[in-house]
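Sequence and predicted structure, then a few things I'm wondering about:
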Amino acid sequence: MNIKRFFGDKNFYKTVLAIAVPVMIQSGITQFVSVLDNLMVGRIGTEQMSGVAISNQLIFVFNLCIFGGLSGAGIFGAQFAGKGDSDGIRHVFRFKLIVCILICALGLLVLGFANEPLINLFLHEGSAEGNLVATLNYGKDYLLIMLIGLAPYALAQCYASTLRESGETVIPMIGSGSAVLINLVFNYLLIFGKLGFPELGVNGAAIATVISRFAELAIMGIWAHVRRDRFPFFSDAYRSLRLPRSLARDIIIKGMPLLANETLWSAGMSMLTQCYSTRGLAAIAAINITGTVSNLFNVVYMSIGSSIGIIVGNLLGANKLDEARETDTKIISMSVLGCFIFGGLLAISSGLIPQLYNTTDEVKGLATSFLLICAVMMPFHAFTHACYFTLRSGGQTRITMLFDSCYVWIICIPVAYVLSRFTSIDIVSMYFICTALELIKCVIGFFFIKSGKWMKNIVKT
């Protein structure tokens, strides 16, 4: 084996980091502020934190639907950018707008009218402490306010994804970074009632998030349309929503599996959380802490995975297939090796961060155990995440769907369901078994990537 093929030269890492670092900073700021937000809500009490966590699990499904809806179009956007086709990028942007309008309408309908039964799915007796009725009420109040922010969030993602696909990662970073800082400030003011602001608790957290959504949209939208010399594809983007029928058909064919994948995957993650919730409110609170903290450490492999979609997608669009494969191998190695370091940092932090929350010793102990499991599994998650973006960059959306969401529903959820309903296994063991199933996915991902079937130029004329 030639080990050199797994490592690039100085210029290679400069190219990758030029894409990945701004995304990493953006995501890092977002996740760090999420930890602080989570801590603020967690300082109020376990019921409040759990109610917000359950509502955010439902919002998470919406967010992933937006991501999935934009991802299929994004494949074409990245390859049109590699080709230098501004008209193509403009048409892709319009397609994204149409998708977001449809998803927002459906999200408002479902979350607006079915919020109580959805939240109740996660409320079970089983832990020593926790008021389920109070948790339900906090969750409903938070979710109804959050609905106001769905549309600006979706539109901001249209701009951010299009800018990134064209190689502009700094502006999305500034927009997102500004938004999360605004969110942090208003969280402090509105949750605790500081500097003359009303003390609104959970409702204050939701209002702060909605304000930040509008701020993010304003920053990116204004910049995109002011700099027409750099981003000519935004000019006249709203003149109509028409786009070539053949392109719309191609995006739908390639993109629908991604939309279905993200919808099914996010719903699958919610279903896993629901299975964990059968062990009581403490499990939900601990899962909330774990998800928020581990996401902060996961920004490295998440950002490098995004760079695969852009860099490899650009190379495929330029018809440089062999270079795309070599580049992909090196980026995957970079991601996995980096996660041995960040996994170690997460393991070191696992016993410290949960102590910052105003919650029970039971919740803190569970969160520590869950974080240790996440730390051990981080390099494996990095590999499968990179495999996902590799397959997606070449338009292999059906294989991506099989690899990602179908795996969750065929393997992970049945295991979690059986363990939660038909055994008395403790929550830590259940969480470990379900998380360790990622090892099987690594093997599947390896063979998918090795086959090379993802190496396709889908905008070739």
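Right, received. Where do you want to start?

Grab the most central residue of the chain for me.
In the chain, the centroid-proximal residue (Cα atoms, centre = their mean) is residue 64; its distance is 6.5 Å.

so it is in which element?
helix 46-83 (DSSP states H and E).

Name the next helix or strand downstream of that helix, please.
In the C-terminal direction, the helix or strand that comes right after helix 46-83 (DSSP H and E) is helix 86-113.

picking that back up, okay, the residue nearest to the centre of the chain: pLDDT?
Turning to residue 64, the model gives it a pLDDT of 83.

Check residue 8 too.
The per-residue confidence score, pLDDT, reads 68 for residue 8.

same thing with residue 26?
Value listed for residue 26 in the pLDDT field: 67.

Check what pLDDT residue 188 gets.
Confidence score, pLDDT, at residue 188: 90.

hang on, I meant residue 335
Residue 335 is assigned a pLDDT of 89 by the prediction.

so it sits right up against residue 298, yeah?
No: with contact defined as Cβ atoms under 8 Å, residue 335 does not count as touching residue 298 (10.9 Å). Where C-beta positions appear, they are placed from N, C-alpha and C, glycine not excepted.

got the residue ranges for the helices in the stretch 101-250 of the chain?
Per DSSP state H, counting those that start in this stretch, the stretch 101-250 of the chain carries helices over the ranges 115-120, 132-146, 150-165, 170-192, 202-226, 245-277.

Of these, which stretch is the most buried?
Across those, averaging neighbours per residue (mean count of other Cβ atoms under 10 Å) puts helix 150-165 on top, at a mean of 24.

which residues are contacting it?
Contacts of helix 150-165 from elsewhere in the structure, counted by Cβ atoms under 8 Å, 6 or more residues apart in numbering, are 23, 62-63, 66-67, 70, 74, 77-78, 80-81, 89, 92-93, 96-97, 100, 103-104, 107-108, 169, 171-172, 175-176, 213-214, 216-217, 220-221, 224, 231, 233-234, 306, 310, 313.

Dump the helices of the stretch 101-250 of the chain to CSV, plus distance to residue 44.
Shown next, in CSV, are the helices of the stretch 101-250 of the chain (distance: least, Cβ to Cβ, whole Å):
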stretch, distance to residue 44
helix 115-120, 18
helix 132-146, 9
helix 150-165, 24
helix 170-192, 7
helix 202-226, 7
helix 245-277, 20
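
who wins for proximity to residue 283 among the ones you listed?
Nearest to residue 283 among the helices of the stretch 101-250 of the chain is helix 245-277 (5.0 Å), distances taken as Cβ to Cβ.

picking that back up, list the contacts for the residue nearest to the centre of the chain?
262, 263, 265, 266.

Pull the most distant pair out of those residues.
Using Cβ to Cβ, these span at most 7.4 Å, a distance reached by 263 and 265.

Identify the contacts common to those two.
64, 405.

where does this structure have low pLDDT?
Within the chain, the segments meeting pLDDT under 70 span 1-5, 8, 26, 30, 33-34, 125-130, 459-461.

of the contacts of helix 150-165, buried ones?
Applying 16 or more other Cβ atoms under 10 Å to these, the neighbour count classes 23, 62-63, 66-67, 70, 74, 77-78, 80-81, 89, 92-93, 96-97, 100, 103-104, 107, 169, 171-172, 175-176, 213-214, 216-217, 220-221, 224, 231, 233-234, 306, 310, 313 as buried.

next SSE after the helix or strand where residue 419 lies?
Here residue 419, judged by DSSP H and E, is contained in helix 413-422. Proceeding N to C from helix 413-422, the next assigned helix or strand is helix 427-436, under DSSP H and E.

Can you name every helix or strand that that following helix contacts?
Under the contact definition 3 or more Cβ pairs under 8 Å, 6 or more residues apart in numbering; DSSP states H and E, helix 427-436 sits against helix 245-277, helix 361-393, helix 413-422.

Identify the residues contacting the last one?
Going back to what we said before, that points to helix 413-422. Contacting residues not belonging to helix 413-422 are listed as 268, 271, 272, 275, 276, 278, 279, 425, 430, 433, 434, 437 [Cβ under 8 Å, 6+ apart].

rewinding a little: could you give the angle of the helix holding residue 64 to helix 361-393?
Helix 46-83 runs at 10 degrees relative to helix 361-393, counting by axes from the mean of the first three to the mean of the last three Cα atoms, to 10 degrees.

what sits against the residue lying closest to residue 268 once chain neighbours are set aside?
If you skip the residues right next to it in sequence, residue 268 has residue 408 as its closest partner in space, 3.7 Å away by Cβ to Cβ, 6 or more residues apart in numbering. Under the criterion of Cβ under 8 Å, 6+ apart, the contact list for residue 408 reads 264, 265, 268, 269, 272.

Out of these, flag the one nearest to residue 122.
For the contacts of residue 408, the closest approach to residue 122 (Cβ to Cβ) belongs to residue 272, at 11.3 Å.

Correct me if wrong: that closest one contacts residue 433.
No: the pair residue 272 and residue 433 fails to qualify as a contact (Cβ under 8 Å) at a distance of 11.5 Å.

on that earlier part again, let me have the helices and strands packed on helix 427-436 in JSON lines, extended by distance to residue 150.
Rendered in JSON lines, the data for the helices and strands packed on helix 427-436 read as follows (distance: least, Cβ to Cβ, whole Å):
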{"stretch": "helix 245-277", "distance to residue 150": "15"}
{"stretch": "helix 361-393", "distance to residue 150": "24"}
{"stretch": "helix 413-422", "distance to residue 150": "26"}
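
That'll do, ta.
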